[in-house]
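**Q** fold the following and give me the result.
(3 chains)
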Amino acid sequence: MPLPDLSNPAFAAYVAAAAILVLKMAAMAFLTAYRMMKARSGFRSPEDAKPGLLNPAPQPGQLERDEYVDRIRRIHQNDYENIPPFIAIGLLYVLTGPDVELAQALFALYVVSRLLHFAAYLTARSHEMRATLWTTGALVMVYMAGACLVAAARALQF
Amino acid sequence: MPLPDLSNPAFAAYVAAAAILVLKMAAMAFLTAYRMMKARSGFRSPEDAKPGLLNPAPQPGQLERDEYVDRIRRIHQNDYENIPPFIAIGLLYVLTGPDVELAQALFALYVVSRLLHFAAYLTARSHEMRATLWTTGALVMVYMAGACLVAAARALQF
Amino acid sequence: MPLPDLSNPAFAAYVAAAAILVLKMAAMAFLTAYRMMKARSGFRSPEDAKPGLLNPAPQPGQLERDEYVDRIRRIHQNDYENIPPFIAIGLLYVLTGPDVELAQALFALYVVSRLLHFAAYLTARSHEMRATLWTTGALVMVYMAGACLVAAARALQF
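**A** Numbering: from 1, shown residues only, chains lettered A, B, ... in the order given. Modelled structure (predicted):
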């Protein structure tokens, strides 16, 4: 069984995918902050409505939901619902010793589906397009989890 | 120290547990989508209220909170609050070289507690029952994190 | 390349950091429950408003948002937005064979920044202080993800 080493090309592809996905998640947090600052709105804690460097001229309603900010929060939520379990199962999938080209293709497909999902969500494309892109990534994750379960069950002699 | 290899039965049990938990999380997302489609309600983005394949006959109120959908969202939230940190610490726990039977029992207990938590939440059982099932899994996670911390502190000669 | 073994001091520091962060996340869940019980408020499921051991004397409004409880929920949310991807990328960062002292310093900085972020959020310090502490941790995570991406790209001969 291949050990987690970057000389294993399936593992290297996994590390690249995981790093891109973590950077993507971090970007959502920074983008939420950027939009909150630009709109001076969509804050969530009472203390954020007080005057300060980040809020020089407080106004009523700054603690209310703001769709411009909330859209990024929803994209971020979709990320933390999906990306941490994908990164976890992706590592275990690599440890089951999969076909290298298949593994690389699946990691690439997942990353591309998530980046397109972001683009579609950001620009408010149709629910159908967003759902299709989300489902693509979800099915990759389900496949990897299934492959891990089969390999583990075999090892445990079920 | 055992390397992460499926021939290690503690690691194989871990992989099986992680795979089941990832599939369980994915199932919550698909179940949310199923209930949204069935009720044509509980959408969250303005574009989802527009006519399309997923929403052939838009109606007012589709963007409002719908308890039938929201219950699954809450179960999903409980999953992403708990399962990613559990999968992370479970791997590290296996790497500390625990007793195999204890490790297997803890992984099984965690998975069973989460599946029962799902059943209790879905069918709106009492807060007490849900809290007991959640606490069982949380304590397993706390135990594993504690064991990891002790092992790491020893290795760092604290 | 160092294998994940506690005799590797970078890995031991990583395991200690991950264990502390998992315990910190679990503490947020227990603290939410504690505050809900103390205030008998901030519940979210209709069945939680029914009489029982956890709610001996139901009152109207128990299902409404309660800032005393919601503050902990927001801190918990900030945790699950940040900590699972950090734990994931931290492991991969260790596997790239970083300088041990740098790795240990980054893990310590991350843990300290998250504990201080908790203290600042709990006591409703200024948005500026909270943002500074959050950004510190986020930049550590971005640095590790960048280092992983560079190492993986090199291994894949990009």
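
**Q** distance from stretch A:33-40 to the middle of the chain?
**A** Counting by CA atoms, centre = their mean, to the nearest Å, stretch A:33-40 is centred 21 Å from the centre of its parent chain.

**Q** residues in contact with it?
**A** Stretch A:33-40 has contacts (CB atoms under 8 Å, 6 or more residues apart in numbering or on different chains) with A:42-43, A:54-55, A:57, A:59, A:62, A:66, A:68-69, A:72, C:131. Using the backbone N, CA and C atoms, a C-beta is placed for each residue, glycine as well.

**Q** rerun that using 10 Å as the cut-off
**A** If you take CB atoms under 10 Å, 6 or more residues apart in numbering or on different chains as the criterion, stretch A:33-40 is touched by A:27, A:41-44, A:48-49, A:54-59, A:62, A:66-73, C:127, C:131, C:134-135, C:138.

**Q** give me the buried stretch members for that stretch, please.
**A** By neighbour count on 16 or more other CB atoms under 10 Å in any protein chain shown, the buried set for stretch A:33-40 is A:33, A:35-36, A:40.

**Q** okay, now the unreliable bits of chain A?
**A** Scanning chain A for pLDDT under 70 picks out the ranges A:1-4.

**Q** follow-up on the earlier one: between the buried residues of stretch A:33-40, which sits nearest C:Ala153?
**A** Within the buried residues of stretch A:33-40, the smallest distance to C:Ala153 is 28.0 Å, found for A:Ala33 (CB to CB).

**Q** secondary structure element holding the closest one?
**A** A:Ala33 belongs to helix A:9-39 when assigned by DSSP states H and E.

**Q** still on that earlier bit, distance to A:Tyr93 added to the buried residues of stretch A:33-40, as a markdown table?
**A** Conversion of the buried residues of stretch A:33-40 to a markdown table gives the following (distance: CB to CB, whole Å):
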| residue | distance to A:Tyr93 |
| --- | --- |
| A:Ala33 | 33 |
| A:Arg35 | 35 |
| A:Met36 | 37 |
| A:Arg40 | 44 |
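
**Q** among the residues you listed, which one sits closest to chain B?
**A** For the buried residues of stretch A:33-40, the residue nearest chain B by CB to the nearest CB is A:Arg35; the value is 15.6 Å.

**Q** once you drop chain neighbours, what's closest to the closest one?
**A** A:Val69 (4.8 Å; CB to CB, 6 or more residues apart in numbering or on different chains).

**Q** ok, the residue nearest the centre of chain A - contacts?
**A** In chain A, the residue lying closest to the centroid (CA atoms, centre = their mean) is A:Asp79, at 3.2 Å. By CB under 10 Å, 6+ apart, A:Asp79 lies in contact with A:21-22, A:24-29, A:86, A:114, A:117-118, C:81, C:85.

**Q** then A:Glu64?
**A** Shown in contact with A:Glu64 (CB under 10 Å, 6+ apart): A:41-44.

**Q** and after the helix holding A:Ala33, which helix or strand comes next?
**A** In the C-terminal direction, the helix or strand that comes right after helix A:9-39 (DSSP H and E) is helix A:67-95.

**Q** buried residues in that next one?
**A** In terms of neighbour count (16+ other CB under 10 Å), helix A:67-95 has its buried residues at A:69-73, A:75-95.
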